[in-house]
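Engineer: Pasting the sequence and the predicted coordinates here, then a few questions.
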Amino acid sequence: MKQLLIFVILTSSCVAISQDVVFTNFNASPLSLNPAMTGVFDGSLRIMANHRNQWENIINDSSYKSYSLSVDKKIKANENSYFGLGFLGITDVAGETRLGNKQGKLSFSYTHSIAQSRESNHYLIVGQNLGITKRQIDTTMLRWPSQVVDGVFDPGLPGEDIKSGFTHFDMATGLMWISRFKSNNSFYGGLALHHLNKSNVSFFDNGLEPLSIRLTFHAGGEFSLNNNMSIIPSFVYNKQRAHQLLNIGSEVRRYFSTGQNFADIQVRYLIGKNHPEDIIMANAMAFQVRSYIKGISCGFSYEKTLNELMRASSFEFSLGYTIENDLGPKLMPMF
């Protein structure tokens, strides 16, 4: 059974060519979640990095490894609006065939304040990103039916003609609404559409495999319990083709007396719908800790599967730095 599970995992990278990298710690890769999050922070410059390692305890060196790096800057337009400008880089590799992609994207946003007062702030944000993706695969690790004779694999026999790599254009757009109230109370909601141009991502010369549009819907809020404690429920819903994933959970945040510095702990469930019988099931449970102190953020999450791969686990590390400035009252939620 273990060998069968490993075989399924290793070969699934070729089947799921169009599926995207999705981080459990989505706040550590904001520009990949929604381009409308570009420049949405209190400060002048933000750098965020995230690393995910999936199922290494099951498939060792063939585990799914993903990295993201984003840099974004806020540029004030006038008293009621500002622009966001950023860069997003993502690289990942999956399975024995080393199926992976490298992405470089420029991200833009425009934020307009609908209403500001001493008690509350409300914002409407639109965003867009444009970039190039390079997809690649190690063709020497592929096995074709034509290379199997009488049940014996012969690597000397010819296989299918397949490209080892190619590049394509990619674009996404997003929308967000943010409301912040006094005493660390806030609400936000966002919608993003990725791969609007539906690039052909087939590795065959004459193949046609349009990259399916991925829908992302995310929302959350912060509810203050007292001057130093808050609860922060949130969710992210992704849908791409028949694959659906809901990341839902809540965190408890403890603020320090120095202001917006905090530490939090959270529990999240990952609920998916990608079974042939369209069964909705809890795929994994994740535990996460995070801190933000004097502009430096760091986080760690550990994820354990709850389905057939009961021993499979994943983890993520994140690190970020925000250059804060003296803008007066804090305007944006600390996601």
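Structural biologist: On my side now, so go ahead.
Engineer: May I have stretch 199-214 as PDB, with CA atoms only?
Structural biologist: Extracted in PDB, the C-alpha atoms of stretch 199-214 (Å, rounded to 0.1, in the frame of the first residue of the first chain):
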ATOM      1  CA  SER A 199      -2.100  30.100 -21.700                       C
ATOM      2  CA  ASN A 200      -1.400  26.800 -23.300                       C
ATOM      3  CA  VAL A 201       0.700  24.700 -20.800                       C
ATOM      4  CA  SER A 202       1.000  21.400 -22.700                       C
ATOM      5  CA  PHE A 203       4.400  19.900 -22.900                       C
ATOM      6  CA  PHE A 204       3.600  18.300 -26.200                       C
ATOM      7  CA  ASP A 205       4.400  20.200 -29.400                       C
ATOM      8  CA  ASN A 206       0.900  19.800 -30.800                       C
ATOM      9  CA  GLY A 207      -0.900  19.500 -27.500                       C
ATOM     10  CA  LEU A 208      -3.500  21.900 -26.200                       C
ATOM     11  CA  GLU A 209      -3.900  22.300 -22.400                       C
ATOM     12  CA  PRO A 210      -5.300  25.800 -21.500                       C
ATOM     13  CA  LEU A 211      -4.300  26.900 -18.000                       C
ATOM     14  CA  SER A 212      -7.600  27.000 -16.200                       C
ATOM     15  CA  ILE A 213      -8.700  30.200 -14.400                       C
ATOM     16  CA  ARG A 214      -8.300  30.000 -10.600                       C
END
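Engineer: Give the buried residues for that stretch.
Structural biologist: Neighbour-count burial for stretch 199-214 flags 199, 201-203, 211-214 (criterion: 16 or more other C-beta atoms under 10 Å). C-betas here are computed from N, CA, C, even on glycine.
Engineer: Make JSON lines from the residues you listed and add pLDDT to it.
Structural biologist: Listed next are the buried residues of stretch 199-214 as JSON lines, based on pLDDT from 0 to 100:
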{"residue": "199", "pLDDT": "91"}
{"residue": "201", "pLDDT": "88"}
{"residue": "202", "pLDDT": "86"}
{"residue": "203", "pLDDT": "83"}
{"residue": "211", "pLDDT": "89"}
{"residue": "212", "pLDDT": "91"}
{"residue": "213", "pLDDT": "94"}
{"residue": "214", "pLDDT": "94"}
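Engineer: Now distance to residue 270 and secondary structure too, for those residues, in CSV please.
Structural biologist: Shown next, in CSV, are these (distance: C-beta to C-beta, whole Å; DSSP: H, G, I helix; E, B strand; the rest coil):
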residue, distance to residue 270, secondary structure
199, 27, coil
201, 25, coil
202, 29, coil
203, 29, coil
211, 23, coil
212, 20, coil
213, 21, coil
214, 16, strand
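Engineer: Let me have those residues in CSV, extended by distance to residue 190.
Structural biologist: Shown next, in CSV, are the buried residues of stretch 199-214 (distance: C-beta to C-beta, whole Å):
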residue, distance to residue 190
199, 24
201, 26
202, 31
203, 33
211, 21
212, 20
213, 16
214, 14
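Engineer: Could you measure from residue 295 over to residue 198?
Structural biologist: Using C-beta to C-beta, to the nearest Å, we find residue 295 at a distance of 39 Å from residue 198.
Engineer: on that earlier part again, tell me which of the buried residues of stretch 199-214 is nearest to residue 24?
Structural biologist: Nearest to residue 24 among the buried residues of stretch 199-214, counting by C-beta to C-beta, is residue 214 at 16.4 Å.
Engineer: can you pull the contacts of the closest one?
Structural biologist: 20, 193-195, 238-240 (C-beta atoms under 8 Å, 6 or more residues apart in numbering).
Engineer: What subset of these is buried?
Structural biologist: Counted by 16+ other C-beta under 10 Å, the contacts of residue 214 give 20, 193-195, 238-240 as buried.
Engineer: Out of the residues you listed, which sit inside strands?
Structural biologist: Judged by DSSP state E, the subset of these located in strands is 193-194, 238-240.
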